[in-house]
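Engineer: fold the following, please.
(2 chains)
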Amino acid sequence: MIRRIKGTNDIIEDSYVWEWVEDKLRSVSKKFGFSEIRTPIFEATELFKRGVGTDTDIVQKEMYTFEDKGGRSITLRPEGTAPVMRAFVEHSLDSRGLPQKLFYIGPMFRYEKPQAGRLRQFHQYGAELIGSSRPEADVEIIVLAVEALKALGLKEFKLKINSTGCEKCRPKYKEALKEYYKPLLPKLCDDCQIRYDRNILRLLDCKKDAQYAKSAPIILDYLCDECKEHFNRVKELLDTLGVDYEVDPTIVRGLDYYTRTVFEITSTSLGAQDALAGGGRYDHLIEELGGRTTPSVGFAMGMERVMIALEREKKLPDKPSPQVYVVAVEDEQRPRALSIAFELSKEFIVETDVMGRKMKSQFKNASKLGAHYVIIVGEEEMKSEIYTLKNMFDGSQVKLSLSEIKRRLKEEKCDSNLQWH
RNA sequence: GUGGCUGUAGCUCAAUUGGUAGAGCGUCGGACUGUGGAUCCGAAUGUUGCGGGUUCAAGCCCCGCCAGCCACCCCA
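Structural biologist: Residues are numbered from 1 along each chain as shown, chains lettered A, B, ... in the order given. This is a model prediction of the structure:
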């Protein structure tokens, strides 16, 4: 048997949950004025090296990179921001006016060891607000992320924010950190020894050496006036909007492109892989990709994790079931049953038997599928063209013509809780 | 990439000290020849994750691989 690749999933029984989640996310995004962008699933490897940063874990060990037949180095996208920015530059979207507000939903690929909530092919929803350096933009993005989770019905999550400063103040902070950790260096874990030189900020969120991080210098004390002002405005606006958050000076984020605001939304109902969404401001990514300086903010949300959280919080939608199931009493009525089913399927969700089942089994099948109504087509109905409509929820039944049945089903559709639209 | 746990029917799990694989659920059918969700009866389905080894004999022991889970790493 050929099996699926490690760390990938077939979405079968749950596909209606995916549809539901995607519908909600699209709808919230549009309400915030964002429109969907769909970029290719693979890109030139160079895009991620430059966009995400060569020092990041993603680029160093997690990319699915291969050479195509033309000898080009191709990479399956590990994240969504760099491709969106590439498209922004490539199509000169700034000439259409700023800001550009874009969202995406789709698969991402990272070569990691799988566990619950961490897959090699996973799916992200994300949004980018391109072209504004103002704190209002940060807040709009943060609020969108929070509202998206709320729209799905999630409650058990926490928003944490921080500022990582800019190219002016961050070097000073890094220096202060180096100073602080220098005497501690021999006591740090192996990973932190390497991080000390490569990316000192990462020492802060190391779980093994968390004891030292507590009394380490805090970036917020090193922010330049502009960054400090920006961060304060973000907090004020969040307060004004009544958004709950917590300032966490240890979140630094794994991608190199972030400047100033960074944030994370973690679920309190998940295990180790508890980050539902993460994002921040990236003021220099676009110029890194050859565009003109265009300050921007964005975030990405992990759809699998959101769905695990929905399950934990018991917020999954009900599976949609057919509105009507057309039953043929005898073989003679099968063609009629089929044509009624096709006719009704122009307006309703219809099922009918194609397995040659006896009437009894057709009924069993109708209940198993959760059909609200059954239309019985027997000899009598065939002649009179007045069919029996049975309500499977309360067992009642009436005799109606096809057009009366349609009218009845239409009324039912309005107060049906089987649909989520 | 590191460490630990696990792998038996579609699903959840049994199987004495190694002795020739079973139950529930589900599926399908029947009891019920124009009426489902209850009940009863019956049927189908396994290279015991894969490969090797030890043994008269392996689901069980040993080794390797694969996959999943948990934690680390990191993140969504």
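Engineer: I'd guessed residue A:49 sits against residue A:58; true?
Structural biologist: No: judged on C-beta atoms under 8 Å, residue A:49 makes no contact with residue A:58 at a distance of 10.0 Å. Bear in mind the C-beta positions are built from the backbone N, C-alpha and C, glycine included.
Engineer: please say which of the two ends up with more neighbours.
Structural biologist: With neighbours defined as other C-beta atoms under 10 Å, residue A:49 and residue A:58 compare such that residue A:58 has more, 22 against 18.
Engineer: what sits against the more buried one?
Structural biologist: Residues near residue A:58 by C-beta atoms under 8 Å, 6 or more residues apart in numbering: A:48, A:52, A:78, A:79, A:110, A:254, A:255.
Engineer: mind checking what secondary structure it has?
Structural biologist: Assigned with DSSP: H, G, I helix; E, B strand; the rest coil, residue A:58 falls in the helix class.
Engineer: could you check how far it is from RNA strand B?
Structural biologist: 7 Å (C-beta to the nearest atom of the strand, to the nearest Å).
Engineer: any idea how far that residue is from residue A:373?
Structural biologist: 52 Å (C-beta to C-beta, to the nearest Å).
Engineer: is the helix or strand bottoming out on mean pLDDT in chain A in proximity to RNA strand B?
Structural biologist: In chain A, no helix or strand scores lower on mean pLDDT, DSSP states H and E than helix A:210-214, which sits at a mean of 72. No: Helix A:210-214 lies out of reach of RNA strand B by C-beta under 7 Å from any atom of the strand, never closer than 8.4 Å.
Engineer: buried set for that helix?
Structural biologist: Residues of helix A:210-214 classed as buried: A:212, A:213 (neighbour count, 16 or more other C-beta atoms under 10 Å).
Engineer: show me what it is packed against.
Structural biologist: The contact analysis (3 or more C-beta pairs under 8 Å, 6 or more residues apart in numbering; DSSP states H and E) places helix A:210-214 against no helix or strand.
Engineer: identify the residues contacting that helix?
Structural biologist: Outside helix A:210-214, the residues that reach it (C-beta under 8 Å, 6+ apart) are A:181, A:184, A:187, A:188, A:203, A:204, A:205, A:206, A:250.
Engineer: just name the closest of those to residue A:64, please.
Structural biologist: residue A:205 (25.8 Å; C-beta to C-beta).
Engineer: got phi/psi on the closest one?
Structural biologist: phi -100, psi 20 (degrees, to the nearest 10).
Engineer: and what of residue A:48?
Structural biologist: Note on residue A:48: backbone dihedrals following degrees, to the nearest 10 are phi -80, psi -30.
Engineer: interface residues of the stretch 51-200 of chain A facing RNA strand B?
Structural biologist: A:56-57, A:79, A:110, A:112-119, A:122, A:124, A:191, A:195.
Engineer: give me the below-cutoff pLDDT ranges for chain A.
Structural biologist: For chain A, the stretches with pLDDT under 70 are A:207-210, A:254, A:414-421.
Engineer: quick one, domains of it?
Structural biologist: A:15-169+A:223-312, A:324-414 (automatic domain parsing).
Engineer: of those domains, flag the one that's most buried.
Structural biologist: Per residue and on average, the most neighbours among the domains of chain A fall to domain A:15-169+A:223-312, with a mean of 19 (mean count of other C-beta atoms under 10 Å).
Engineer: I'd like the distance from that one to the chain centre, please.
Structural biologist: The chain centroid and the centroid of domain A:15-169+A:223-312 are separated by 10 Å, computed with C-alpha atoms, centre = their mean, to the nearest Å.
Engineer: CA atoms of stretch A:384-399 as CSV?
Structural biologist: In CSV, the C-alpha atoms belonging to stretch A:384-399 read as follows (Å, rounded to 0.1, in the frame of the first residue of the first chain):
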residue,chain,number,x,y,z
SER,A,384,-51.3,10.6,-9.1
GLU,A,385,-48.1,12.7,-9.1
ILE,A,386,-49.0,13.5,-5.5
TYR,A,387,-46.1,12.3,-3.4
THR,A,388,-45.7,11.5,0.2
LEU,A,389,-43.4,13.9,2.1
LYS,A,390,-42.3,12.5,5.4
ASN,A,391,-40.6,14.6,8.1
MET,A,392,-38.0,12.4,9.6
PHE,A,393,-37.5,14.5,12.6
ASP,A,394,-41.1,14.2,13.9
GLY,A,395,-42.4,11.3,11.8
SER,A,396,-45.3,13.2,10.3
GLN,A,397,-46.2,12.9,6.6
VAL,A,398,-48.4,14.7,4.1
LYS,A,399,-49.3,14.2,0.4
